[in-house]
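*Asks:* I'd like to go over a predicted model; first the sequence, then the structure.
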Amino acid sequence: NLTDDSSPIFIEGTDRIYSGDIFLKVEPEGKDLFTAGSVITLNIKIKNIFAEELRGHVEYTFPSSKWIQKKLEFNLNPGEKSKIPIDIHIPPTAERGKYKIELSIKDTEGCTVGLLKKRIEVEDALRMEIKPVMRFSSSMPKIRVCFSNISKESIAGQLKIESLENWLITPQEKKFNIADSSKEIFEFEVKGVKNRLAFQQVKILVNAANGVKIEKRIPVNFYPCIRAKGPLSIDGKLEEWKDIEPVVLNSKEQVVEISSTWWKGPEDLSAYIYLMWDDRNLYLAIKVVDDCFFQPYLGGDVWKGDSILFAVDPWRQERREENVEYYEYGFALTSQGEIANCWGVLTKEIKLVVKKSENGLIYESAIPWKELSPFTPEVGGNIGFSLIISDNDGKRIKGWLTWFSGIASGRNPELFGDLILVE
């Protein structure tokens, strides 16, 4: 019997505790992930090792006063065991994150005879995925919002969507009532999209009847990556690309500078980017205008010289916050010929040809979809994409031309653009 001046000494743990006078255990020990709005059912196993009756109650320390739990009392004879069920109601408005619950076992005099801590993680009961949708290059672009209700109760509410710039999104509001453990999809037509190569900010506001509010501002673009009529010849020529509208990088707004005022205009550095796809490959061709070619580097250092760097997010369709992995590739013409890196590691799966032209370079490549696993190509599918063109005129890298963000000024796949596979 461990005592100090006749007071119990107990050893504190996350899910169980033993002292000389009392044994406690909280169940379930393994489960620690719960959804907002759900009920945590914990069983406190308690054994009175006192030689006399043990009476008392359970006190709680929760993340906020909105976490509901009724006061529980107990009365145990010497040697008696008991299981006390505790239902803790997580409020629907609880924010996603990790929390700590403390359970204090008090006797009739208010003395603590046992203390338990349970760490839990709360996730959103209502998940929302947003993606741009097109099936044909000439079709009306749409924004698709997919709700997933992962709770055990239905969730009703209203969804409102609006462009923060000059698009017209219709309808602007929709009501929803999503059954437990189910999904519901809404689509909104987008009119006034004049430049499908650029972002616009879209705001989405969700007001649920249970008090949950979600507000998101996301960048949306509608770049149509057109299906090729047949396998392309990767030869450094652009005849097969003549019907594809290129992405043009030739303005100050597309420049990220390291050396102040390095960019002198399109003759200094500019580019035309082309993309197509088929069931086997993503095709990428780039015509670069550069007044001075300089690339003495190899391997993972090729980004320091004239080169192409691009990133692909194969999980873009889900737009989940936890999916932060992506692929990063580099193309360059080096002293050992053209090379393709998946970053810093040479890959022979990508077919790449780089040829010098009168005023720069032409890159042409076929990237097998297996290099971008787990994405599976299909009409209407989309992947995250961002690309930069590095410029070094012989001393050090001066800066980049960029199409979309998320690479040059820090890695962040949320800033990638969308490539939408269309017919």
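*Replies:* Received it, and whenever you're ready, just let me know what you need.

*Asks:* make it CA atoms for all contacts and neighbour counts henceforth
*Replies:* Noted.

*Asks:* quick one: low-confidence ranges for the stretch 101-250 of the chain?
*Replies:* Counting by pLDDT under 70, the stretch 101-250 of the chain contains no low-confidence range.

*Asks:* show me where it has its strands.
*Replies:* 112-123, 126-133, 142-149, 155-163, 168-170, 173-178, 182-191, 200-208, 213-220, 223-227, 247-249 (DSSP state E, counting those that start in this stretch).

*Asks:* ok, which of these comes nearest residue 316?
*Replies:* Between residue 316 and the strands of the stretch 101-250 of the chain, the shortest gap by CA to CA is with strand 126-133, which sits at 8.1 Å.

*Asks:* can you list the buried residues in the closest one?
*Replies:* By neighbour count on 16 or more other CA atoms under 10 Å, the buried set for strand 126-133 is 126, 128, 130, 131, 132, 133.

*Asks:* now do stretch 207-215
*Replies:* Residues of stretch 207-215 classed as buried by neighbour count (16+ other CA under 10 Å): 207, 208, 212.

*Asks:* closest to residue 228 among the residues you listed?
*Replies:* Set against residue 228, the nearest of the buried residues of stretch 207-215 by CA to CA is residue 207 (42.8 Å).

*Asks:* so that closest one sits against residue 173, correct?
*Replies:* No. Counting by CA atoms under 8 Å, residue 207 stays clear of residue 173, with 11.1 Å between them.

*Asks:* count of neighbours near residue 283?
*Replies:* Using other CA atoms under 10 Å, residue 283 has 22 other residues around it.

*Asks:* please renumber so the chain begins at 690
*Replies:* New numbering, starting at 690: the last item is residue 972.

*Asks:* what helix or strand does it sit in?
*Replies:* Assigned by DSSP states H and E, residue 972 belongs to strand 970-979.

*Asks:* run the angle between that strand and strand 912-916 for me.
*Replies:* Orientation note: strand 970-979 sits at an angle of 120 degrees relative to strand 912-916 (axes from the mean of the first three to the mean of the last three CA atoms, to 10 degrees).

*Asks:* what strands line up against strand 970-979, and which way round?
*Replies:* Strands that pair with strand 970-979, judged by DSSP bridges, come out as strand 958-966 (antiparallel), strand 1049-1057 (antiparallel).

*Asks:* quick one: it to chain centroid distance?
*Replies:* Relative to the centre of its chain, strand 970-979 is centred 27 Å away, using CA atoms, centre = their mean, to the nearest Å.

*Asks:* next: stretch 1038-1058.
*Replies:* In terms of CA atoms, centre = their mean, the centre of stretch 1038-1058 is found 30 Å from the chain centre.

*Asks:* give me the contact list for it.
*Replies:* Stretch 1038-1058 is contacted by residues 923-926, 968-982, 1021-1022, 1027-1029, 1060, 1064-1066 when judged by CA atoms under 8 Å, 6 or more residues apart in numbering.

*Asks:* list the buried residues in the strand holding residue 972.
*Replies:* Buried positions in strand 970-979, judged by neighbour count with 16+ other CA under 10 Å: 970, 971, 972, 973, 974, 975, 976, 977, 978, 979.

*Asks:* then it to CSV, C-alphas only?
*Replies:* Coordinates of each C-alpha in strand 970-979 appear next as CSV, following Å, rounded to 0.1, in the frame of the first residue of the first chain:
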residue,chain,number,x,y,z
ASN,A,970,0.9,9.3,-71.2
LEU,A,971,0.7,12.9,-70.2
TYR,A,972,2.4,14.9,-73.0
LEU,A,973,4.2,18.1,-72.3
ALA,A,974,5.9,20.4,-74.8
ILE,A,975,7.6,23.7,-74.1
LYS,A,976,9.1,26.2,-76.5
VAL,A,977,11.4,28.5,-74.5
VAL,A,978,12.8,31.8,-75.8
ASP,A,979,16.1,32.6,-74.0
